[in-house]
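**Q** Next comes the sequence, and after it the predicted model I'd like to discuss.
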Amino acid sequence: MSIDIVYRKMQIEDIPAVVGIEEEAFATPWTEEIFEHEMNGNDYAHYVVAVHEGEVIGHCGMWIVLDECHITNVAVRKALRGNSIGEGLMRKAIELCKMNDVRLMTLEVRVTNETAQNLYRKLGFKDGGIRKNYYTDDHEDALVMWVEF
């Protein structure tokens, strides 16, 4: 299935929809307060959303510090997963990084999340190491992945 998606910079009014997506996607979702701080109080934070028919259906957050980027979160509405929306969000994040002269992008992903790992590898990410007991909800390890531009 191919659906029309618009990717754009996240706005304050997108926060409730983004929080809803977080709650679908993560055991420990970020709250409205966290996103409000990210957008209003963190000069390093950048967020992209995917919009379909006026509805925010996915988001990708990142912190860009000097020439490095750390992906903080990527999530898509459960009902729309498998439509390359996550890939589109990551490609927009990569585009933004290149426009900001970023040379290295990194992220953590659950060691059991092979679907996400395969996407990141498709985009050029390499395995960088393991963070033991990284996730607070179940102490699952995280695979650190990175890509250089």
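**A** Now that the structure is in, tell me what you want to look at. Numbers count the residues shown, from 1 in each chain.

**Q** Make sure residue 8 is actually in contact with residue 47.
**A** No. Judged on Cβ atoms under 8 Å, residue 8 makes no contact with residue 47 at a distance of 9.9 Å. The way it works is simple: take the backbone N, C-alpha and C, and place the C-beta from them, glycine included.

**Q** More neighbours: the two, which one.
**A** Set residue 8 next to residue 47 and count neighbours by other Cβ atoms under 10 Å: residue 47 wins out with 23 against 13.

**Q** Just give the nearest non-adjacent residue to the more buried one, would you?
**A** residue 10 (3.6 Å; Cβ to Cβ, 6 or more residues apart in numbering).

**Q** Quick check: that neighbour vs residue 61, distance?
**A** 8 Å (Cβ to Cβ, to the nearest Å).

**Q** and for those two, which residues touch both?
**A** residue 47 (Cβ atoms under 8 Å, 6 or more residues apart in numbering).

**Q** Look at those two and report which has more neighbours.
**A** residue 61 (25 against 21).

**Q** which residues sit in contact with the nearest residue to residue 129 once chain neighbours are set aside?
**A** If the residues on either side of it in the chain are set aside, residue 129 comes closest to residue 144, at 4.8 Å by Cβ to Cβ, 6+ apart. With contacts defined as Cβ under 8 Å, 6+ apart, the neighbours of residue 144 are 106, 107, 108, 127, 128, 129, 130, 131.

**Q** beta partners of residue 144?
**A** As for beta bridges, residue 144 partners with residue 108, residue 129 under DSSP bridges.

**Q** Might you list the low-confidence residue ranges for this structure?
**A** Applying pLDDT under 70 to the chain flags residues 1-2.

**Q** what about the longest strand in it?
**A** Scanning the chain for the longest strand, with DSSP state E as the assignment, gives strand 55-65.

**Q** Next secondary structure after that one?
**A** strand 68-76 (DSSP states H and E).

**Q** That next one: partners in the sheet, and parallel or antiparallel?
**A** strand 55-65 (antiparallel), strand 104-110 (parallel).

**Q** Now for residue 97, how many residues are close by?
**A** Using other Cβ under 10 Å, residue 97 has 22 neighbouring residues.
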